[in-house]
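**Student:** Everything below, folded, please.
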Amino acid sequence: MMAAAQNPLSPGTGTTANAPMTTDGPSISDAARLLATGAALMDAGRTAEAVSALTGAVVAHPGDAALRMTLGAALRAERQYEAAAIQFLKASRIAPHLAEPRIALAQSMVDAGKPSEALHVVQQSLGAMPDTAALWNLKGALQRRAGDIAGSELSFRRACELAPATAEYLNNLAVAARAGGRLDDAIALYRQALAADPDSARVHGNLGNALDAAGRPDEALPHLRAAVAAAPDDLDAAHNLAVHLIRIECQDEAVPLLRRVVAHDPSRWDSLTNLGVALLAVGRPAEAEACYRRALSLRPGVPETHYDLAWVLLLTGRWYEGWHEYEWRWRLPSFASRPPPGEAQTWDGTPLPEGTLLVYAEQGFGDAIQFVRFARVAKSRVARVVVMCPRPLMRLLSTVPGLDGVVPDTDPPPPADARAAMMSLPFLFGTTPESVPMAEPYIPVPAPRGVLPPKARPRIGFVWAGSPANKIDRQRTCGVAHFLQLMDRVSADFVSLQIGPRAADLARGAPDRLIFRADGRVEDFMDTAALIGELDLVVGVDTAVLHLAAAMGKPTWILLPFMPDYRWLLNSSESPWYRAVRLFRQREKGEWSQVFDDVSTALTHWLRSAG
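**Tutor:** So this is what the prediction gives:
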């Protein structure tokens, strides 16, 4: 999801003078009349006519600074920036004691693409009038534009010292503080700016974005809403609110906001991409795809949009194009996986009859368990295949037949003739839902550890939460309470396979049917596999443990959110990846009770057949 750029104050816009700046003695009433005529034309949006009228007025009254200021503003509105700058320069010479002409001159130079010259004007002006807050504010804006974050902050701070209760200056100082990495300071400054101007859409929006970045979404939301309410025509405010709503799983509310943005500005590729994200989340993949393709037609090289397109293509079974688009993940700034160091070239699938291929795991544990099958497929094209993976997977993946070695990803990579990312292999092999290799078990069942009590009833392992680092974890995690209720409905014993921080969700006073907790009693996935080998069924949300059970051939029931991860496709209760899997899907977004009703009914039938 891509938020619009933060909303720092721009250097400003031209303005007519608000005080007499004339040095012409005669014909004051005539100059005032001409000024009023020009201002009225400007107010009516008839800027070209204003330029014509005011040009004649300036010829008649060349020493009237107010006329020159208004003519400069009209020329600026007509995008005649160089001509505008000339008028502002002359006005500044007529009224050297006023800051307004100097500020307008600098702003016109910015418009004309000469920011360094604009900064020079401001610095010269500050030499003559060092206590002018507006000049310090403009200097800060120009410094920030030039990438001088530290300098801009000093300038904005000086503006705030000279005019302490000015929301505009406090907002700009907050923007600089955030750019300097001091998010808490920025939030405090935005709050001061709101105290000075409680109805500022810009400040509400910036504060909301900062709170969101600080991981305080509940505090951010009212400010992002206030920004839209205060400036309903501000497309950035609507976009940013929509992005936040997507992030907090309120995609249905984000859709109309983003539709309004792209209706007003069809060139907003960022809003189109986020509209696609929201539409997919509410179950409209065809519309989502259309948004992604429109966004790419406007901005073809955006990795996020290509990645989102890959997601919808893979989800809807069009894997040939989907795997191709999925390769854009390597260009995502947020993509944490990186190829291991070394001289080995990236493999393109060409046979290496005497070569060694290093296949390295990426992303999550479940991804490695699912995609390691392709390392075995690669063995048909190369002499040796060595897998590099996280240490918790090493003992487990070492048991996969056909691999020539497994090494930890914390060590330097071994010598190899080529290397390949594990999740790029289906792209190289042209894998489709009809050609998934090894849907049968490919991870051997280890010897039992003997840690479970004697078997009295069928044993069911369960998992209710995934890694919080996963971008769809909020959708896929169901909470342990549903499983505790399930224990009361069926005649079976239960084993908690949940490990990590979410294991603490399971209170110590759990039902007697809970016969074992894996947390703190397994060292790696090999230990977990040994536990799974002693179970009759594994039920849980989409996590590495469920991939492991399925890869071992254990009956595995995976509980999916309304819009699942791309690998589970849509609608079917079966998966091309694992023959042992049965999929239970939400029929309504966020509704797990219905899923557990389905599971309870299925368990009743399963226990009858098993008994």
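**Student:** Show me the strands in the stretch 351-500 of the chain, by range?
**Tutor:** Assigned by DSSP state E, counting those that start in this stretch, the strands in the stretch 351-500 of the chain fall at 352-360, 382-389, 405-408, 418-421, 459-463, 493-496.
**Student:** most tightly surrounded among those strands?
**Tutor:** strand 459-463 (a mean of 25; mean count of other Cβ atoms under 10 Å). Any C-beta I mention is one placed from the backbone N, CA and C, and that applies to glycine too.
**Student:** roughly how far out does that strand sit from the chain middle?
**Tutor:** 34 Å (Cα atoms, centre = their mean, to the nearest Å).
**Student:** Can you pull out the residues in contact with that strand?
**Tutor:** By Cβ atoms under 8 Å, 6 or more residues apart in numbering, the surrounding residues in contact with strand 459-463 are 452, 483, 492-498, 515, 531-532, 534-541, 543, 545-546, 549, 603.
**Student:** between the strands of the stretch 351-500 of the chain, which gets nearest to residue 440?
**Tutor:** With respect to residue 440, and counting by Cβ to Cβ, the nearest of the strands of the stretch 351-500 of the chain is strand 382-389 at 19.5 Å.
**Student:** Tell me the strands beside that closest one, with direction?
**Tutor:** strand 352-360 (parallel), strand 405-408 (parallel) (DSSP bridges).
**Student:** Give me the contact list for it.
**Tutor:** For strand 382-389, the external contacting residues (Cβ under 8 Å, 6+ apart) are 340, 351-361, 368, 372, 375-376, 378-379, 397, 400, 402-409, 413-414, 416-418, 422.
**Student:** tell me the mean pLDDT for that strand?
**Tutor:** The average pLDDT within strand 382-389 is 97.
**Student:** With stretch 164-173 instead?
**Tutor:** 96.
**Student:** Put the alpha carbons of it into PDB.
**Tutor:** Listed next in PDB are the C-alpha coordinates belonging to stretch 164-173 (Å, rounded to 0.1, in the frame of the first residue of the first chain):
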ATOM      1  CA  PRO A 164       5.200  31.000  18.300                       C
ATOM      2  CA  ALA A 165       1.500  30.300  17.700                       C
ATOM      3  CA  THR A 166       1.600  30.000  13.900                       C
ATOM      4  CA  ALA A 167       0.200  26.600  12.800                       C
ATOM      5  CA  GLU A 168       1.900  26.800   9.400                       C
ATOM      6  CA  TYR A 169       5.400  27.200  10.900                       C
ATOM      7  CA  LEU A 170       4.800  24.500  13.600                       C
ATOM      8  CA  ASN A 171       3.600  22.100  10.900                       C
ATOM      9  CA  ASN A 172       6.700  22.700   8.800                       C
ATOM     10  CA  LEU A 173       9.000  22.200  11.800                       C
END
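**Student:** Residue 86 sits in which helix or strand?
**Tutor:** If you go by DSSP states H and E, residue 86 is part of helix 81-94.
**Student:** what about that helix, distance to the chain center?
**Tutor:** 44 Å.
**Student:** Helix or strand next in line after it, which one?
**Tutor:** helix 100-111.
**Student:** tell me what that following helix is packed against?
**Tutor:** helix 65-77, helix 81-94, helix 115-128, helix 133-145 (3 or more Cβ pairs under 8 Å, 6 or more residues apart in numbering; DSSP states H and E).
**Student:** Let me know which of the ones you listed is tucked in deepest.
**Tutor:** helix 65-77 (a mean of 28).
**Student:** any low-confidence regions in the chain?
**Tutor:** By pLDDT under 70, the low-scoring segments of the chain are 1-28, 469-471, 508-510, 611.
**Student:** biggest helix in it by residues?
**Tutor:** helix 592-610 (DSSP state H).
**Student:** List the buried residues of that helix.
**Tutor:** Using 16 or more other Cβ atoms under 10 Å as the test for burial, helix 592-610 gives 592, 595-596, 598-599, 603, 606-607.
**Student:** Now residue 38: closest residue in space that isn't a chain neighbour?
**Tutor:** residue 54 (4.2 Å; Cβ to Cβ, 6 or more residues apart in numbering).
**Student:** Might one say that that neighbour is in contact with residue 31?
**Tutor:** No - Residue 54 sits out of contact with residue 31 when judged by Cβ atoms under 8 Å, with a separation of 11.0 Å.
**Student:** neighbour-wise, which of those two wins?
**Tutor:** residue 54 (28 against 21; other Cβ atoms under 10 Å).
**Student:** what's the distance between the more buried one and residue 37?
**Tutor:** 8 Å (Cβ to Cβ, to the nearest Å).
**Student:** can you check residue 192 too?
**Tutor:** To residue 37, residue 192 is 42 Å away according to Cβ to Cβ.
**Student:** Residue 546 and residue 556 touch, don't they?
**Tutor:** Yes - taking Cβ under 8 Å as the definition, residue 546 is a contact partner of residue 556 at 5.7 Å.
**Student:** buried stuff in stretch 151-168?
**Tutor:** Within stretch 151-168, the residues scored as buried using 16+ other Cβ under 10 Å are 151-160, 162-163, 166-168.
**Student:** circling back: now the helix holding residue 86 - C-alpha only, CSV.
**Tutor:** Extracted in CSV, the C-alpha atoms of helix 81-94 (Å, rounded to 0.1, in the frame of the first residue of the first chain):
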residue,chain,number,x,y,z
TYR,A,81,7.2,32.9,-13.9
GLU,A,82,10.1,34.9,-15.2
ALA,A,83,7.9,37.9,-16.0
ALA,A,84,6.3,37.6,-12.5
ALA,A,85,9.7,37.6,-10.9
ILE,A,86,10.6,40.9,-12.7
GLN,A,87,7.5,42.6,-11.2
PHE,A,88,8.2,41.3,-7.7
LEU,A,89,11.8,42.4,-7.9
LYS,A,90,10.7,45.9,-8.9
ALA,A,91,8.1,45.9,-6.1
SER,A,92,10.8,45.0,-3.6
ARG,A,93,13.0,47.9,-4.8
ILE,A,94,10.0,50.3,-4.5
